[in-house]
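Undergrad: Kindly return the folded structure for what I paste below:
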Amino acid sequence: MTATVITLTRVFRFGGRDLDDPSPDMTPAEVLRHYARLFPRMLGAKVIEPVLEGDKHVYAIKEANYGDKG
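TA: Down below sits the predicted model:
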C-alpha cells in the first residue's frame with residue numbers, strides 16, 4: 001500500500017472573499033500586512049487559527065471592532 005501526500009494550500013478569508021496566499025514562506029501576520037495595503041479595513045485586524053476545508057487551510061481575517069465597549 002502506498003501513501004498519498006496531500007499538499008494543503010492556505011487561503012485567507014476576509015469579508016466573504018477568499019484571498020490567495022501571496023507566498024507560503026510568509027507568516028499569517030505578514031500576509032495580513034501584505035493585504036492591508038489593498039484592503040485598509042484590515043488595519044488592526046487579526047488572523048484566526050485556520051480551519052480545514054477539503055485540501056485548504058482557511059485563515060479567517062477578523063476586523064477590529066472599533067468603538068465596542070468591553
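Undergrad: For the residue nearest the centre of the chain, give me its contacts.
TA: The centroid of the chain falls nearest to Phe12 when counting by Cα atoms, centre = their mean (2.8 Å). Shown in contact with Phe12 (Cβ atoms under 8 Å, 6 or more residues apart in numbering): Asp18, Leu19, Asp20, Asp21, Pro28, Val31, Leu32, Tyr35, Val47, Val58, Tyr59, Ile61. From N, CA and C alone the C-beta is placed, and that goes for glycine too.
Undergrad: In PyMOL, select just the buried ones from these.
TA: In PyMOL, selecting the buried portion of those, with burial taken from 16 or more other Cβ atoms under 10 Å, looks like this:
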select buried, resi 19+21+28+31+32+35+47+58+59+61
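Undergrad: Report how many residues lie close to the nearest residue to Leu43 once chain neighbours are set aside.
TA: In this structure, Leu43 finds its nearest non-sequential neighbour in Ala36, 5.3 Å apart by Cβ to Cβ, 6 or more residues apart in numbering. Look at Ala36: counted by other Cβ atoms under 10 Å, it has 15 neighbours.
Undergrad: close enough to count as contact, Arg13 and Val58?
TA: Yes - Arg13 lies in contact with Val58 (Cβ atoms under 8 Å); the separation is 5.6 Å.
Undergrad: Tell me the buried residues in stretch 42-54?
TA: Met42, Ala45, Val47, Pro50.
Undergrad: Quick check: nearest residue in space to the third one, chain neighbours excluded?
TA: In this structure, Val47 finds its nearest non-sequential neighbour in Pro28, 4.2 Å apart by Cβ to Cβ, 6+ apart.
Undergrad: any idea how far that neighbour is from Ala36?
TA: 13 Å (Cβ to Cβ, to the nearest Å).
Undergrad: again, but for Ser23
TA: 15 Å.
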